[in-house]
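Peer 1: sharing a model prediction with you, sequence too.
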Amino acid sequence: AQSVTQPDIHITVSEGASLELRCNYSYGATPYLFWYVQSPGQGLQLLLKYFSGDTLVQGIKGFEAEFKRSQSSFNLRKPSVHWSDAAEYFCAVGDFSGGGADGLTFGKGTHLIIQP
Amino acid sequence: DAGVIQSPRHEVTEMGQEVTLRCKPISGHNSLFWYRQTMMRGLELLIYFNNNVPIDDSGMPEDRFSAKMPNASFSTLKIQPSEPRDSAVYFCASSWDRLNSPLHFGNGTRLTVT
């Protein structure tokens, strides 16, 4: 069965500093990987996804993520965070063997706090 | 694009009462998902529909939970009777049922059962 681990429950970063959120997955085949962001009181919004090809994926809001098969990781990065980036971030792995998004498994999330 | 619409945004009810959560998916999407979010368990998939048909309800916690999708533009998640441990945020999401199609989430319903 697939699983996702986000080892950091909380991360605090100063505004303007760089950010890396960790995500490790367990999946038997080539995974389909996602990062979602949840702002307070909002639903989840897709930041970026990896299906195949270039292992460095660019997303919205200046985020990027790198797929490293050897480390079973899909870490999210941003070179300079803004106060508006404070939110909950979820990594997810998908099983598309059925052709759809039915097998999406989420990590428990990382809460990002931005210090002024 | 109005996005996925959920109602109500907040629901407070007493233990034993029936609760109905509603979802309107994005027009044209043919897959719909119900998720529950709690601090302890994170995001859990409860059930998903494809072309209005329930495909996998193995995540539904128990018989008190039921979900329906009478047409392509509406779904309900019902809890009867509700219990305090059902308190959570319930998300509905929709997508195309094909590769490369991400989930689009609603803003969720925060349920509190006292």
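Peer 2: Perfect, thanks for sending it.

Peer 1: tell me which helix or strand in chain A has the weakest average pLDDT.
Peer 2: Every helix and strand in chain A was compared by mean pLDDT, DSSP states H and E; the lowest is strand A:105-106, with a mean of 86.

Peer 1: any bit of the helix or strand following that one sitting next to chain B?
Peer 2: The first helix or strand that comes after strand A:105-106 along the chain, using DSSP states H and E, is strand A:110-115. No - Strand A:110-115 is not in contact with chain B by CB under 8 Å from any CB of the partner chain; minimum separation 10.7 Å. All C-beta spots, glycine's among them, are computed from the backbone N, C-alpha and C.

Peer 1: strand A:110-115 pairs with which strands?
Peer 2: Sheet pairing of strand A:110-115 (DSSP bridges) gives strand A:10-14 (parallel), strand A:87-94 (antiparallel).

Peer 1: re earlier: helices and strands around the least confident helix or strand of chain A, which ones?
Peer 2: If you count contacts as 3 or more CB pairs under 8 Å, 6 or more residues apart in numbering or on different chains; DSSP states H and E, strand A:105-106 packs onto strand A:3-5, strand A:87-94, strand B:42-50.

Peer 1: need the residues that contact it.
Peer 2: Outside strand A:105-106, the residues that touch it by CB atoms under 8 Å, 6 or more residues apart in numbering or on different chains are A:2-4, A:36, A:90-95, B:42-43, B:45.

Peer 1: just the buried residues out of those residues, in PyMOL syntax.
Peer 2: Of the contacts of strand A:105-106, the buried ones go into a single PyMOL selection, burial set by 16 or more other CB atoms under 10 Å in any protein chain shown:
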select buried, (chain A and resi 2+4+36+90+91+92+93+94+95) or (chain B and resi 42+43+45)
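
Peer 1: show me what counts as buried in stretch B:58-68.
Peer 2: Quick answer for stretch B:58-68 (16+ other CB under 10 Å): B:60, B:65, B:67.

Peer 1: now stretch A:109-116
Peer 2: Using 16+ other CB under 10 Å as the test for burial, stretch A:109-116 gives A:109-110, A:112, A:114.
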